[in-house]
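Student: Sequence below, structure please.
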Amino acid sequence: MSPITMSLFYSSLGLGTMMAFASNHWLLAWMGIEINTLAIIPLMIQNPHPRAVEASTKYFFAQTIASALLLFATLSNSILTGEWNIPLVSHPAPSTLCILALAMKLGLAPLHTWLPEVIQALDLRTALVLSTWQKLAPLYLMYQIPLASQNLFLGLGLLSIIVGGLGGFNQLQLRKVLAYSSIAHLGWIVLVLPIMPPLALLALYTYLLMSTALFLSLMTLRAKHISSLSISWAKVPAFTAILPFILLSLGGLPPLTGFAPKWLILLSMVKEALILAAVIAILSSLLSLYYYLRLFYTSSLTTPPNNPPGTLPWRLRPRHNTLIPALIITATIALLPLTPAILTYLTW
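Tutor: Numbering: from 1, shown residues only. Predicted structure coming up:
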């Protein structure tokens, strides 16, 4: 794909997301989401092998069903209440349908089955866009929908955390592990969204940082399988040394950045007397921590049976830019002391 064509599709992704952000009318927001969908499908099949075509077809059908359900819900709300404004979805049935449609677009459990299969067939760059940028517009619309009860958000969030933890077990493909990691982190964001939106925004920013750092590291290491992490030391030793810290930050261990949103989310749930939900969430997060530690063990504590023949790749002149990954990885590891200042800025 030529650079001009690729820049056109990436510009369309940005335009669709900004259109959804700026819209106060459901039809305009729906159009922005559809522009996003139509812009990313050509990026999925820029390397036209059969698995990429299959993944783009699955993505298209899943997004089409979600878009049709969203359009039906907004049309029902306009018939029942006479309103097309996004914050004025007051009837419980249309608001529930809208949240379920947006949950399917995000890949939240139990509407998640398309996400691991799609991400596993994509290259890491497109999978990064699908795991990060494509989540922004549906999350923003989900935040704007008023809901009388938070039980739907709690159910979707807890189920996503559990499924994201269990789904990563016995996975050998790194992209599938990243897909289930995305489901689990989105569950934490949705869990706190009706309770404290600024905290959900902090969790979203932290997830974007950590996920981008991990994807960029794997792109630099050219790793797509867990077993390939065992020879990553021969490719880029610096990234191999830093990769465990990124994984532990994704798992939410202190004193890394990923600890802050989970700890604050648990505190806010306890203050809202949601102690049982908090206990289920923290116990389910241990499942995700297991496969992060599995990747940690494979990349740091294992070696291949034979050393790579010839000159080791790290001795050659590097052909990758390390400035942007270094900045993102530093933020992924070392932002925990700045959490109070960041949260104050988000609530200001």
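Student: what residues go with each domain of the protein?
Tutor: Per the record, the chain has its domains at 1-148, 199-304+321-348, by automatic domain parsing.
Student: ranges for the strands of the stretch 101-250 of the chain?
Tutor: For the stretch 101-250 of the chain, no strands turn up when DSSP state E, counting those that start in this stretch is the criterion.
Student: by contact count, what packs against the longest helix along the chain?
Tutor: Secondary structure assigned by DSSP state H gives helix 50-81 as the longest helix of the chain. Under the contact criterion of 3 or more Cβ pairs under 8 Å, 6 or more residues apart in numbering; DSSP states H and E, helix 50-81 touches helix 26-44, helix 92-106, helix 114-120. C-beta: built from backbone N, CA, C; applies to glycine.
Student: so where's this protein shaky on pLDDT?
Tutor: Residues of the chain that meet the criterion pLDDT under 70 lie in 148-149, 303-321, 348.
Student: Wait, residue 131 touches residue 210, no?
Tutor: No - Residue 131 is beyond contact range of residue 210, at 10.9 Å (criterion: Cβ atoms under 8 Å).
Student: Turn the domains of the chain into a markdown table, including mean neighbour count and distance to residue 157.
Tutor: Formatted as a markdown table, the domains of the chain follow (neighbours: other Cβ atoms under 10 Å; distance: least, Cβ to Cβ, whole Å):
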| stretch | mean neighbour count | distance to residue 157 |
| --- | --- | --- |
| domain 1-148 | 18 | 8 |
| domain 199-304+321-348 | 18 | 8 |
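Student: Tell me which of those approaches residue 186 most closely.
Tutor: Proximity to residue 186 (Cβ to Cβ) singles out domain 1-148 among these, at 5.8 Å.
Student: all helices for the stretch 151-300 of the chain, in order.
Tutor: Assigned by DSSP state H, counting those that start in this stretch, the stretch 151-300 of the chain shows helices spanning 151-167, 174-192, 197-221, 237-251, 259-271, 275-300.
Student: Please convert those to TSV, extending it with distance to residue 11.
Tutor: Converted to TSV, those look like this (distance: least, Cβ to Cβ, whole Å):
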stretch	distance to residue 11
helix 151-167	31
helix 174-192	24
helix 197-221	20
helix 237-251	29
helix 259-271	31
helix 275-300	34
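Student: I'd like the domains of the chain as a markdown table, with distance to residue 187 appended.
Tutor: Shown next, in a markdown table, are the domains of the chain (distance: least, Cβ to Cβ, whole Å):
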| stretch | distance to residue 187 |
| --- | --- |
| domain 1-148 | 7 |
| domain 199-304+321-348 | 8 |
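Student: so which of those gets nearest residue 188?
Tutor: domain 199-304+321-348 (5.6 Å).
Student: just so I know, which of the helices and strands packed on helix 50-81 lies nearest residue 297?
Tutor: That would be helix 114-120 among those, by Cβ to Cβ, at 21.9 Å.
Student: Centre of the chain to stretch 69-80, how far?
Tutor: 27 Å (Cα atoms, centre = their mean, to the nearest Å).
Student: now swap in stretch 264-275 and tell me
Tutor: The chain centroid and the centroid of stretch 264-275 are separated by 23 Å under Cα atoms, centre = their mean.
Student: Format the CA atom coordinates belonging to stretch 194-203 as CSV.
Tutor: The C-alpha trace of stretch 194-203 is given here as CSV (Å, rounded to 0.1, in the frame of the first residue of the first chain):
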residue,chain,number,x,y,z
PRO,A,194,-20.8,5.0,36.1
ILE,A,195,-19.2,5.4,39.5
MET,A,196,-16.4,7.9,38.8
PRO,A,197,-15.8,8.9,35.1
PRO,A,198,-12.5,10.7,35.7
LEU,A,199,-11.1,7.6,37.2
ALA,A,200,-12.3,5.6,34.1
LEU,A,201,-10.4,8.2,32.0
LEU,A,202,-7.3,7.6,34.0
ALA,A,203,-7.6,3.9,33.5
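Student: Could you list the residues in contact with it?
Tutor: Stretch 194-203 has contacts (Cβ atoms under 8 Å, 6 or more residues apart in numbering) with 143, 147, 150, 153, 185, 188-190, 192-193, 260-262, 264-265, 268-269, 272, 274, 339, 342-343, 346-347.
Student: ok, residue 219 touching residue 125?
Tutor: Yes - with contacts counted by Cβ under 8 Å, residue 219 reaches residue 125, the gap being 6.7 Å.
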